[in-house]
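# Pasting a predicted model and its sequence here:
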Amino acid sequence: LLQTFATQSAIAIQNAGLFREIEEKNRLVEEASKHKSQFLASMSHELRTPLNAILGFNDLPDDLVERTKQCLLDWFAVTLAGAQDELTDILIQETLEDGGRGPASLVGRKEKVTPSAATLINGAASHALDYDDVNFAMGGHPTVTVVPALLSLGEQRKASGRLFIESFVAGYETSGRVGNLVAPSHYTRGFHVTGTVGSFSAAAAAGRMLGLDPRQLAVAFGIAATQAAGLKSNFGTMCKPLHAGTASEHGLRAAKLAAKGFTARADVLECDQGFASSQSNDLNVDKALGEPPQGWHLRNNLFKYHAACYLTHAPIECAKEIRLKSNFPPERVKKILLRLDQGADRVCNIPDPTTGLEAKFSLRQTVAMALTGVDTANLDSYNEAITQEPRIRALRDKVTIEFQPGWAKSVSEMAIQLDDGTIVESKHDSGIPWADIKKQRQALETKFDSLAVPVLGAAGARRLHDAIERIETMTDVGDLARAAAKE
């Protein structure tokens, strides 16, 4: 019995020691958790407020104002063309049947709808042709999520052009920060970043225009997060452009509700079961808050000069270079080897497209088009007939794709073997922003005219162009929205 008592006493003493050790470990864990929470709260605040409370128009570098105008030139051009798409017809029909007539202008259309409906429709129309700009920090299409919300809100509130520019930059920079926070697993898990991260960029932009304070903006992010959605499995269908419209509309709604006192978690970016933890394996705080190349995400914007998925652009450029420098007929091609990042496999690798929309997401199709001299910048080039064209189909069948893990998304290499054994090679990186923004403007002016004039006529396109050029002097950006509508 004494031995039993002694043994039990020793066990009790050992347990007491273990308990104290566990208690101390728990205290340290709680302390670490507290510091982590404080850090994440500070991080979350920084992510939500790029420029929102600290920068006004006069604080923006001159080149950012010019870059904003270039984004607007491009956005209005692609939206005018997209406004004629069947997708836009369906969305407008649904809105009007639902009693959605209102005061807000639609780009390239005569109909007027409610501001929220205009945001959705203009956003979807701007991404309908997959011809809009890209930013790799975001991992998607920033302008199509920001401008629709600002255009309808600005028209509703008679906001100044300077406030529009401030708000655009705030939204654009947010897209890069939040995109970096959850990359790369957010995208590789199947989420369409334009539809998800775009909700935050729209909320930040609309929040800036509404004058939300940091607490209200945190709530707006919470509201935006609970609506953020978009699946890559729908690429090649009308749902992909719909993601841009819903992201912009969700962000606008989030900012408006936050201004009225609606509630949501203020730490939604980093909290357990929040945006990052539920939709990504990553929480890249340092990358999200780090200074982007050239100091601003907007300086790394990439415009499209081919009317297809951006990951097809480097292969298209490789094919164009080979065709132009070698000048051989397509019939002489024996094999085509294409190398690029493995991420493209789940984005734009439709092997046998049958529609114009699917063609935009087919590496083989776009390479074959470029090799046969088809104008890949022309919207009319993407149609059902070209997917069945014999020469195109024959070239498609000769393409072998080697997907490379860890490559930059914008880099492609191509080697073409001809019937005499000759091998012609090319390499291209489509992820390098143009250094000469004057030359970039000239290219965008050409693109703008090619897309705007068929919809608005020469005089109407010139009026819209001039409105964009004088936006910083506007007292009511509703003038810009109305200049883009059909009379």
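Okay, I see it.

# quick one, helices of the stretch 151-300 of the chain?
According to DSSP state H, counting those that start in this stretch, the stretch 151-300 of the chain carries its helices in the segments 161-182, 185-188, 193-210, 214-225, 239-259, 275-279, 285-289.

# List of residues touching the second one?
With contact meaning C-beta atoms under 8 Å, 6 or more residues apart in numbering, helix 185-188 is reached by 139, 193, 196-197, 232, 279-282, 343, 346. (C-beta placed from N, C-alpha, C; glycine too.)

# Where in the protein is the helix or strand with the lowest mean pLDDT?
Across the helices and strands of the chain, mean pLDDT, DSSP states H and E gives its lowest value to helix 2-48, namely a mean of 45.

# Quick check: what element follows that one along the chain?
Along the chain past helix 2-48, the next helix or strand (assigned with DSSP states H and E) turns out to be helix 62-82.

# So for that next one, mean pLDDT?
Averaged across helix 62-82, pLDDT comes to 97.

# List the buried residues in it.
For helix 62-82, a neighbour-count test (16 or more other C-beta atoms under 10 Å) marks 64-65, 67-82 as buried.

# What sits closest to Lys409 if chain neighbours are left out?
With C-beta to C-beta, 6 or more residues apart in numbering as the measure, Asp341 is the residue that lies nearest to Lys409, at 5.0 Å, once sequence neighbours are left out.

# and Ile322, what does it touch?
For Ile322, the set of contacting residues under the criterion of C-beta under 8 Å, 6+ apart consists of 371, 414, 416, 424-426.

# From Ala344, how far off is it?
As defined by C-beta to C-beta, to the nearest Å, Ile322 lies at a distance of 19 Å from Ala344.

# returning to what we had before: could you dump the helices of the stretch 151-300 of the chain to TSV with mean pLDDT, distance to Arg463 and mean neighbour count?
Output for the helices of the stretch 151-300 of the chain, formatted as TSV (pLDDT from 0 to 100; distance: least, C-beta to C-beta, whole Å; neighbours: other C-beta atoms under 10 Å):
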stretch	mean pLDDT	distance to Arg463	mean neighbour count
helix 161-182	96	16	27
helix 185-188	94	39	18
helix 193-210	97	24	31
helix 214-225	95	34	24
helix 239-259	98	24	27
helix 275-279	94	41	19
helix 285-289	89	40	16
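
# Compare those and give me the one nearest Val113.
Shortest separation from Val113 across the helices of the stretch 151-300 of the chain is recorded for helix 239-259, at 11.6 Å, computed as C-beta to C-beta.

# Mind jotting down where the strands sit in the stretch 351-487 of the chain?
Listed from the start of the chain, the stretch 351-487 of the chain has strands (DSSP state E, counting those that start in this stretch) covering 399-404, 411-418, 423-429.

# Give me the buried positions along the longest one.
Looking back up the chat, that one is strand 411-418. Counting neighbours by 16+ other C-beta under 10 Å, one finds that the buried residues in strand 411-418 are 411-417.

# Closest one of those to Leu464?
The shortest separation between Leu464 and any of the buried residues of strand 411-418 is 35.0 Å, and it belongs to Ser412 (by C-beta to C-beta).

# what are the bridge partners for that closest one, then?
Leu340, His428 (DSSP bridges).

# Nearest the middle, which residue of the chain would you pick?
In the chain, the residue lying closest to the centroid (C-alpha atoms, centre = their mean) is His141, at 2.1 Å.

# So that residue sits against Val134, correct?
Yes: if you go by C-beta atoms under 8 Å, His141 and Val134 touch, sitting 5.8 Å apart.

# List the contacts of the closest residue to Asp476 other than its chain neighbours.
Spatial nearest neighbour of Asp476, chain neighbours left out: Lys158 (4.4 Å); criterion: C-beta to C-beta, 6+ apart. Each residue near Lys158 by C-beta under 8 Å, 6+ apart is listed here: 475-478.

# at 10 Å what do you get?
With contact taken as C-beta atoms under 10 Å, 6 or more residues apart in numbering, Lys158 is in contact with 474-479.

# for Arg463, same thing?
Taking C-beta under 10 Å, 6+ apart as the contact definition, Arg463 lies against 456-457, 479, 482-484.

# Quick check: neighbours shared by His141 and Val134?
By the contact definition C-beta under 10 Å, 6+ apart, His141 and Val134 are jointly contacted by 194, 302, 304, 310.

# could you redo those residues as CSV and give each row distance to Ser152?
Output for those, formatted as CSV (distance: C-beta to C-beta, whole Å):
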residue, distance to Ser152
Thr194, 18
Leu302, 26
Lys304, 24
Tyr310, 26
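
# which of the residues you listed tops the neighbour count?
For the shared contacts of His141 and Val134, counting by other C-beta atoms under 10 Å, the largest number of neighbours falls to Thr194: 30 neighbours.

# Can you give me the distance of that one to Asp85?
Between Thr194 and Asp85 the distance is 17 Å, computed by C-beta to C-beta.

# likewise Ser167?
27 Å.

# measure the residue lying closest to Met209 once chain neighbours are set aside to Cys348 for me?
Residue nearest to Met209 in three dimensions, not counting chain neighbours: Ser167, with 4.3 Å by C-beta to C-beta, 6+ apart. The gap separating Ser167 from Cys348 is 32 Å, by C-beta to C-beta.

# Pro241 now?
Using C-beta to C-beta, Pro241 is found at 15 Å from Cys348.

# what do you get for Gly123?
With distances defined as C-beta to C-beta, the gap from Gly123 to Cys348 amounts to 21 Å.

# Which of these two has more residues huddled nearby?
When Gly123 is set against Cys348 and neighbours are counted by other C-beta under 10 Å, the residue ahead is Gly123, at 36 against 26.
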